[in-house]
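[1] quick one, structure for this:
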Amino acid sequence: NKRKENGYLDLNIPESDITLDKNGRAIDVKRYELKFSNSIIEQFMLTANEVVAEKFYWLEAPFIYRVHEAPEQEKISELNTYLYNFGYKIKGSKDNIHPKAFNTIIEEIKGKDEEALISTLILRTLKVARYEAENKGHFGIAGKYFEELLIPADTTTMNASYYSSKVEANNYANAQAIVE
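    Now for the predicted structure:
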């Protein structure tokens with residue numbers, strides 16, 4: 001998978017399926033079982049989000065990016081202290097840490113007893129993603145450009161991205177008409 005080769009962090013952290021009663025109170029919590037179709041949909045959404053973000057980057061148009069910077073060196077050192085006990089280490093320097101270093105560990109722990117613990121520790125080491133007008137890349141997906149146009153739960157960003165793409169499309173059409 002090309003994404004994983006680039007360093008995409010596929011943390012195997014279980015999601016929950018919460019059943020609510022008619023009053024909205026939780027009455028049951030089960031592990032949400034991911035299907036192959038979930039993975040396909042996720043890959044399509046990631047690709048679409050990257051393509052749209054890159055388009056706006058090169059247009060130098062105002063845009064809202066989903067930014068996820070590399071973790072702090074101090075957090076990586078703390079993580080390595082824990083990983084040492086399992087025989088692992090995140091490799092890289094203060095100025096040169098790459099998602100592949102994390103992905104190497106994620107691949108090594110797949111199916112092992114320590115997988116859930118180490119995946120959670122890696123997640124806690126990462127910075128929290130946020131929205132910014134300046135593109136700073138997305139460490140977790142190992143991408144240079146990212147936004148969240150197609151994340152249904154995030155309608156504010158989706159609407160802003162949709163509106164921005166419509167404005168850009170109209171400006172492009174107007175520019176084309178002038179040139180012709």
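[2] right, and Ala26 touches Ser16 too?
    No - using C-beta atoms under 8 Å, Ala26 makes no contact with Ser16, being 9.7 Å away. C-beta coordinates here come from the backbone N, C-alpha and C atoms, glycine included.
[3] burial count for Thr19?
    10 (other C-beta atoms under 10 Å).
[4] hang on, it in a helix?
    No - Thr19 sits outside any helix when classified using DSSP: H, G, I helix; E, B strand; the rest coil, being strand.
[5] against Lys4, how distant is it?
    From Thr19 over to Lys4 the distance is 33 Å, taken as C-beta to C-beta, to the nearest Å.
[6] wait, Phe63 sits on Lys55?
    No - if you go by C-beta under 8 Å, Phe63 and Lys55 don't touch, sitting 9.1 Å apart.
[7] then the helix or strand where Ala53 lies to PDB, C-alphas only?
    Here Ala53 is covered by helix 36-59, with elements defined by DSSP states H and E. These are the backbone C-alpha positions of helix 36-59, laid out as PDB (Å, rounded to 0.1, in the frame of the first residue of the first chain):
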ATOM      1  CA  PHE A  36     -13.000  -4.000   4.300                       C
ATOM      2  CA  SER A  37     -15.500  -1.500   2.900                       C
ATOM      3  CA  ASN A  38     -14.600   0.900   5.800                       C
ATOM      4  CA  SER A  39     -11.000   0.900   4.600                       C
ATOM      5  CA  ILE A  40     -11.900   1.500   1.000                       C
ATOM      6  CA  ILE A  41     -14.100   4.500   1.900                       C
ATOM      7  CA  GLU A  42     -11.400   5.900   4.200                       C
ATOM      8  CA  GLN A  43      -8.800   5.700   1.400                       C
ATOM      9  CA  PHE A  44     -11.200   7.500  -1.000                       C
ATOM     10  CA  MET A  45     -11.900  10.200   1.500                       C
ATOM     11  CA  LEU A  46      -8.200  10.700   2.300                       C
ATOM     12  CA  THR A  47      -7.300  10.900  -1.400                       C
ATOM     13  CA  ALA A  48     -10.000  13.400  -2.200                       C
ATOM     14  CA  ASN A  49      -9.000  15.500   0.800                       C
ATOM     15  CA  GLU A  50      -5.400  15.500  -0.300                       C
ATOM     16  CA  VAL A  51      -6.200  16.400  -3.900                       C
ATOM     17  CA  VAL A  52      -8.400  19.300  -3.000                       C
ATOM     18  CA  ALA A  53      -5.900  20.700  -0.400                       C
ATOM     19  CA  GLU A  54      -3.000  20.500  -2.900                       C
ATOM     20  CA  LYS A  55      -5.100  22.200  -5.600                       C
ATOM     21  CA  PHE A  56      -5.800  25.200  -3.300                       C
ATOM     22  CA  TYR A  57      -2.200  25.300  -2.200                       C
ATOM     23  CA  TRP A  58      -0.900  25.700  -5.700                       C
ATOM     24  CA  LEU A  59      -3.600  28.200  -6.500                       C
END
